[in-house]
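J.: 3D, please:
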Amino acid sequence: MNVKLRVLSAGALFFLGQAAFAQTTKKDTANATQIEEVVMVGFGQKKTIQEMTGSASVMSAKSIEDIPVASVDKMLQGRVAGVQTGSASGQPGGMTNVRVRGISSLNGVSSPIYIVDGVRVSSGDISKQNTTTNALAGLNPDDIENVTVLKDAVSTAVYGADAGAGVIVITTKSGKKGKAKFNASFNSGFNDRAIKPHASFRSADWKNYLVDAYSNRDKKTYTAAQIAAGAAGATAAGIFRSPNDTDWQGATQKKGYQQNLDINVSGGNEKFTYYTSFNYFNQESVVKGSYFNRLAFTNKIAYQATDKLKISTDFQVSYGKISTLAAGGAFSNPILAQYFNRPTDLARNPDGSLYLGASNGRLSNGNFNPAALQEMNYQRAGTFRAFANLNVEYKILKNLTYRFVFSPEYINMEEEQYWNPLHGDGRAYSGLKQSGVNRFFNFNVQNILDFNYRLDRHNFGASLIQEAYKKDNKYLTATGITVGTPTLQTLENFVVPFGYNGQLDISSRYGYAVTGHYDYDKLVMLDASYRRDILSQFLPGKKAGNFWSVGLGLDVARFDVIKNIEAISLLKFRTSYGKLGNQITANPYATYSYIKNYDDQAAAVINRVFSPNLSWETVNPFNVGFDLGFFKNRLTITAEYYNKKTKDLIYNIPLSAAQGGMDPNETNNPNSNNYVVENIGSLVNRGFEFAVNGDIFRGDRNQFNWSVGFNLSTLHNEVTELYGGNVDTGTQTIRVGEGARTYYLRKWAGVDPSNGDPLWYVNGVDGETTNNYNKAKQAVQGSFLSNVFGGANTSLSYKGFSLDAQFTYGFGGKIFDNWASYLYSDGQYTASYPGYDVTGDYWTPSNTGASNPKPIATNGNKRSNSASTRFLYKGDYIRLSNASLGYTFSSDFLEGTGLNSVKVYVMANNAWTYRFDKNLKYDPETNISGFSDLNLPVLKSFLFGVNLSF
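T.: Next up is the predicted model:
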């Protein structure tokens, strides 16, 4: 990749290609530190680095070149200060959680908005049936020119109501003047689990464990032969008589294959430029039946019609297909299977055919055969996405330009779920098929007037912006049961209707904004903005929100006293403050659903309780930073402090039956009538960001080049105000003085070495212990948010050879094992669901220092498997997230071939991960969600690739 990482002024983090800056010396110009790189900010506007007063981080295409992932959101981790990402699921094409400077909302959206070529696009999981999808997976990462992360008020306030969680601006590649240039890239390889799974019981060890568990239960000393003869009961006897030893992980998983092909052509002349690309991407998980593939086409045209008129069009179309884990009961998830299925059951018959269970269609413990379900069932979605962007620019006067932008986005997702009639959940229905269509039709219209004027050393800029955005989402699904044969899998062949559902969700937002910029010879800079948004879903009188920002910058390096210091090339201070809005998904209105059948008549039920006081959730970010450059910017340092306060937090407040919460089965459904949506309090995210980068050696192709970079971010998240008192929700709590996602658990004190009993601290902290779970108090036990995180990179090249590596790390976050009550059941469920292999690490009279209590079959050991810090792990880690070794052939070698450039490389993604907590069993990057849920594993990839240019 030949990447050089630089941090330039204004906090803009730049990854630059092999070519170094073409810089002038101090005596050549009064503007010694001027660098012409630009940052994309609001609504297609550009600012040079020297003009920036805000905080923005930029990644060029070179920095993310050839990274083997399906979507751009997966590329950010460790590369941008202040940004955390994590994938709770390793589903290919699935969603990645992205956080910019912490969590800015409890109930709203804490993910940033995405702007592509100046226009907002859909992001996040848009599915209704599938476990995870990602709207951004429709955008080809190879089409990306650069990615800008806007983090503070002055950078984001122009986006108003949606900017509180940050803004990610994506600029796609465009054609450039010159003859046609063709580029082709291809890589291919295989995928494996990034983290080796914790071992599950095999038959011999499991039976040994059960011997102890049954002996402890019955207070006898059994042998395996006695249990097989029926001494501990019929269930135990059946287990011990079975000669089978099935590896359920091996039965449901494999190596995954991956490939990516991208071809593009670009060129143009003085009047006309073009860029066209075609992409094919395919990625398989290690779990059988899980994959994502995509076909994508992009065409961009720019036409300079006259000296005043320029017309640009951008058209992107893609079709992606995702197949994920089928939903179902009886722990049918194949990831669960390795821990929940007995190794004494078969996955396949001796002849190789699938084992479909006993006469009841189930395995001996009542579960289904996941290997059979992987082949016989499916859950998948096909997504067609079309995005268009028409940009008309007219230069009214020398300093005055009008721009009109019209951008529709159409997404049509067809989802299918099929349960076969022979085995699994579908057997009870004689087969089941659910088909759904989820359609999005979004419009964005912008009218922008830009003014720029220079008077001597005074520079003025201003923009007037009008924007309207409409989102139209329609969903329809139908379900049928009873099919004649498993080969018939279309909905029309399922002869019994089994339900239907449909909804229409239309929302709109329009706003007006004004921005202003002034600088004196780029020595002193001032930015300001104001925006007023009107949101459709709020009540009359509360629909409008007002947002603003102000930023100030001072480039000390331009003072004469600093100019004469040869070593200093950049010394800039900047600060900003403002008011932003958070994306709002809440609805204040009382609604009724006419979906109930009462005595064959239509009936209505309350669907949502009226929230008359619901108002805007706002964010007030403060930012201060400085940028240093030494030795013509061969060494750069950026440091920032941020303090981001969120007010009037929106949250779902649980209701009692007396208050209107009428359905106890809907307790955890945020759309049910068991909640009222209210503004409940305030929180703050604050911390430091630091980045240092340097070119240790810098030269031409035949010389040794070496650059390094490092970034570190801290985060303190704290609830500062709650209007109605603490909110405790199972294993978590929201309370003043603690983080927004704080664990509230009993504290595990280990195992009593004298008798193998579980122990907890009585006060939830330390001191006195008890073996009575109910006598132990819950207490705050930390947060899932890492409070220190970042990345490091290095790039070396010599005579065409290049070696690049990117590391990421995170410290301070916690991860809770959601399934531990089953997997560490200490005998309670072990006979049915074996769980984790704890061989050698459970209490026996000869092993009193073990980590796990004495197992007691059926009853368990004094609620030892109930929620506590026993199952809360440190999420601290260091990961080699990407590494590549390549060779670029010299132009002399390619002379006469018609090729301009050829590069071959090998690459590894997520090749190595170090977990500081030896007990953590899952990928540590799930700590952005805080829970391990036995989802599809995060992948590591090993690939070979070639890039051609001609």
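J.: When you work out contacts or count neighbours from here on, use the C-alpha atoms and nothing else.
T.: OK.
J.: So which residues of the stretch 651-800 of the chain form strands?
T.: Counting by DSSP state E, counting those that start in this stretch, the segments of the stretch 651-800 of the chain that form strands are 675-679, 681-697, 705-714, 716-722, 727-729, 732-734, 742-745, 748-751, 758-761, 769-770, 779-783, 788-798.
J.: can you tell me which of these comes nearest to Ala831?
T.: Minimum separation from Ala831 across the strands of the stretch 651-800 of the chain (C-alpha to C-alpha) falls at strand 758-761, 20.1 Å.
J.: what pairs with that closest one, and is each one parallel or antiparallel?
T.: strand 748-751 (antiparallel), strand 769-770 (antiparallel) (DSSP bridges).
J.: looking at those strands, which is buried most?
T.: Stretch with highest mean neighbour count among these: strand 748-751 (a mean of 22; mean count of other C-alpha atoms under 10 Å).
J.: Touching that strand from outside, list them.
T.: Residues lying outside strand 748-751 but in contact with it, judged by C-alpha atoms under 8 Å, 6 or more residues apart in numbering, are 757-761, 769, 843, 849-853, 868-870.
J.: Tell me the one of the residues you listed nearest Arg101?
T.: Thr869 (27.0 Å).
J.: The closest one: neighbouring residues, count only.
T.: 20 (other C-alpha atoms under 10 Å).
J.: And the nearest residue to Thr490 once chain neighbours are set aside, how far from Thr383?
T.: Distances taken as C-alpha to C-alpha, 6 or more residues apart in numbering place Lys433 nearest to Thr490, at 7.4 Å, with adjacent residues excluded. The gap separating Lys433 from Thr383 is 19 Å, by C-alpha to C-alpha, to the nearest Å.
J.: In TSV: the strands of the stretch 651-800 of the chain, plus mean pLDDT and distance to Glu925.
T.: Converted to TSV, the strands of the stretch 651-800 of the chain look like this (pLDDT from 0 to 100; distance: least, C-alpha to C-alpha, whole Å):
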stretch	mean pLDDT	distance to Glu925
strand 675-679	78	31
strand 681-697	94	20
strand 705-714	95	16
strand 716-722	93	18
strand 727-729	83	23
strand 732-734	91	20
strand 742-745	95	17
strand 748-751	98	24
strand 758-761	98	28
strand 769-770	98	33
strand 779-783	95	14
strand 788-798	95	11
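J.: Switch those over to TSV; also include distance to Ile322.
T.: Shown next, in TSV, are those (distance: least, C-alpha to C-alpha, whole Å):
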stretch	distance to Ile322
strand 675-679	34
strand 681-697	36
strand 705-714	34
strand 716-722	35
strand 727-729	33
strand 732-734	33
strand 742-745	34
strand 748-751	41
strand 758-761	44
strand 769-770	49
strand 779-783	33
strand 788-798	31
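J.: Pro540: which of those is closest?
T.: Of these, nearest to Pro540 by C-alpha to C-alpha is strand 675-679, at 16.5 Å.
J.: what angle do the closest one and strand 716-722 make?
T.: 100 degrees (axes from the mean of the first three to the mean of the last three C-alpha atoms, to 10 degrees).
J.: packing partners for strand 675-679?
T.: In terms of contacts (3 or more C-alpha pairs under 8 Å, 6 or more residues apart in numbering; DSSP states H and E), strand 675-679 is packed against strand 650-654.
J.: could you say what helices and strands the strand it packs on packs with?
T.: So strand 650-654, by 3+ C-alpha pairs under 8 Å, 6+ apart, packs with strand 675-679.
J.: Direction included, what does the strand it packs on pair up with?
T.: strand 650-654 (antiparallel).
J.: packing partners for the helix or strand hosting Ile562?
T.: For Ile562, the host element (DSSP states H and E) is helix 560-563. Packed against helix 560-563, as judged by 3+ C-alpha pairs under 8 Å, 6+ apart, are no other helices or strands.
J.: Buried residues in it, which are they?
T.: Buried residues in helix 560-563, counted by 16 or more other C-alpha atoms under 10 Å: Lys563.
J.: Contact partners for Leu432?
T.: Tyr418, Trp419, Asn420, Pro421, Gly426, Thr479, Gly480, Ile481, Thr482, Val483, Phe494.
J.: quick one: Arg870 is in a helix?
T.: Yes - counting by DSSP: H, G, I helix; E, B strand; the rest coil, Arg870 is found in a helix.
J.: Okay, and the beta partners of the nearest residue to it once chain neighbours are set aside?
T.: Once flanking residues are discounted, Arg870 sits nearest to Trp748: 5.2 Å by C-alpha to C-alpha, 6+ apart. Residues in a beta bridge with Trp748, per DSSP bridges, are Trp760.
J.: I'd like to know how far the spatially closest residue to Val72 that is not a sequence neighbour sits from Phe292.
T.: With sequence-adjacent residues excluded and distances taken as C-alpha to C-alpha, 6+ apart, Val72 is closest to Pro141, at 5.8 Å. Distance, Pro141 to Phe292, by C-alpha to C-alpha: 15 Å.
J.: how about the host helix or strand of the residue nearest to Thr490: buried residues?
T.: Using DSSP H and E, the element containing Lys433 is strand 432-455. By neighbour count on 16+ other C-alpha under 10 Å, the buried set for strand 432-455 is 432-452.
J.: Pairing partners for it, with directions?
T.: Here, using DSSP bridges, strand 432-455 pairs with strand 400-419 (antiparallel), strand 458-481 (antiparallel).
J.: now it: how far from the chain's centre is it?
T.: Centre-to-centre, strand 432-455 and its host chain are 22 Å apart (C-alpha atoms, centre = their mean, to the nearest Å).
J.: can you pull the alpha-carbon coordinates of stretch 401-409 into PDB?
T.: C-alpha atoms of stretch 401-409 as PDB (Å, rounded to 0.1, in the frame of the first residue of the first chain):
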ATOM      1  CA  THR A 401     -22.200  30.500  -7.100                       C
ATOM      2  CA  TYR A 402     -25.600  28.700  -7.000                       C
ATOM      3  CA  ARG A 403     -25.800  24.900  -6.700                       C
ATOM      4  CA  PHE A 404     -28.900  22.700  -7.000                       C
ATOM      5  CA  VAL A 405     -28.700  19.100  -5.800                       C
ATOM      6  CA  PHE A 406     -31.400  16.500  -6.300                       C
ATOM      7  CA  SER A 407     -30.700  13.000  -5.100                       C
ATOM      8  CA  PRO A 408     -33.200  10.100  -4.900                       C
ATOM      9  CA  GLU A 409     -32.200   6.800  -3.200                       C
END
